[in-house]
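**Student:** Here is a sequence together with a model predicted from it:
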Amino acid sequence: MKMAVFYFGGYNASWDDILKWVASAKLQEPNVDITGYGWPKGVVSAPADRVVKGAEQLIKTAVKDIETSRAELIYIVGHSSGCAIANAVDKLRQTPRKVVALVALDGYSPDADQLKRETTQVWGAICDGVTSKNFPGSAGGRRHIYQVPVKNCKELWPLHFVLVNAAARDKLVTGTRNGYVNCEANLIWLPHLVRLSKGAAAP
């Protein structure tokens, strides 16, 4: 099964940040088509409707990219405020012959209709009892929790970014402008189907 990922970084995610994330993700999953989008210049981070309005051109471009993708399984992934963009792209795309997984990483939750789909995932992170910035509620049963495997990732920004950058640590990530430092793309939301597509044994 051919797969593709369309990733939307959050507020202040630069093109350089996205290139780092995409490079790391491709290194881990070379058989998956991966496209990333940085934060649109001049767009605010809240509320969600203003994010979507400001990112109209990016949303149109991303929808076109998805429509022309030959992948059979599409992942639309957003982080933080980028989830508002990912959610809007998901609502506008026309892909009846493709399976679409919508993934929200510590950001704006998908709407009620999107949460009805079994392929929707809403993620938050916990480190030593501390929860991430936008830790979700039940999310209609779509909530997933990433248990950070180290204890030095409990401050606000590293815990927020660890869902996209597994290398995020206290005193290393200090805000939205350096969340991708030493980037190691966290692909915890990819299921075993990716490994099966490369001929690996099922877990």
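**Tutor:** Noted; the coordinates are in hand. The shown structure was predicted, so the numbers you read here are calculated from the model rather than taken from an experiment.
**Student:** all helices for the chain, in order.
**Tutor:** Shown for the chain, the helices assigned by DSSP state H span residues 15-28, 48-54, 56-68, 82-92, 112-115, 156-161, 192-197.
**Student:** With respect to Ile126, which of these lies nearest?
**Tutor:** Closest approach to Ile126 among these (CB to CB): helix 156-161, 8.3 Å. Every C-beta, even on glycine, is put in place using the N, C-alpha and C of the backbone.
**Student:** who's in contact with the closest one?
**Tutor:** Residues from elsewhere that reach helix 156-161 (CB atoms under 8 Å, 6 or more residues apart in numbering): 79-80, 106, 125, 127, 130-134, 148, 153, 168-170, 172-176, 179-180.
**Student:** Tell me the buried residues within the residues you listed.
**Tutor:** 79-80, 106, 125, 127, 132, 134, 148, 153, 168-170, 172-173, 176, 179-180 (16 or more other CB atoms under 10 Å).
**Student:** give me the number of residues near Lys2?
**Tutor:** 14 (other CB atoms under 10 Å).
**Student:** which ones are touching the residue nearest to it when sequence neighbours are not counted?
**Tutor:** Ranked by CB to CB, 6 or more residues apart in numbering and with sequence neighbours excluded, the top spatial neighbour of Lys2 is Ala71, at 4.6 Å. By CB under 8 Å, 6+ apart, Ala71 lies in contact with Lys2, Met3, Ala4, Asp33, Lys98.
**Student:** Of these, which belong to strands?
**Tutor:** Judged by DSSP state E, the contacts of Ala71 include Met3, Ala4, Asp33 as members of strands.
**Student:** any idea which of these is the one closest to Asp49?
**Tutor:** Using CB to CB, those come closest to Asp49 at Ala4, 27.4 Å.
**Student:** Now the closest one. Nearest residue, chain neighbours left out?
**Tutor:** Ala4 sits nearest to Ala71 (CB to CB, 6+ apart), 3.5 Å away.
**Student:** Now do the one you found, the pLDDT please.
**Tutor:** Model confidence at Ala71, given as pLDDT, is 94.
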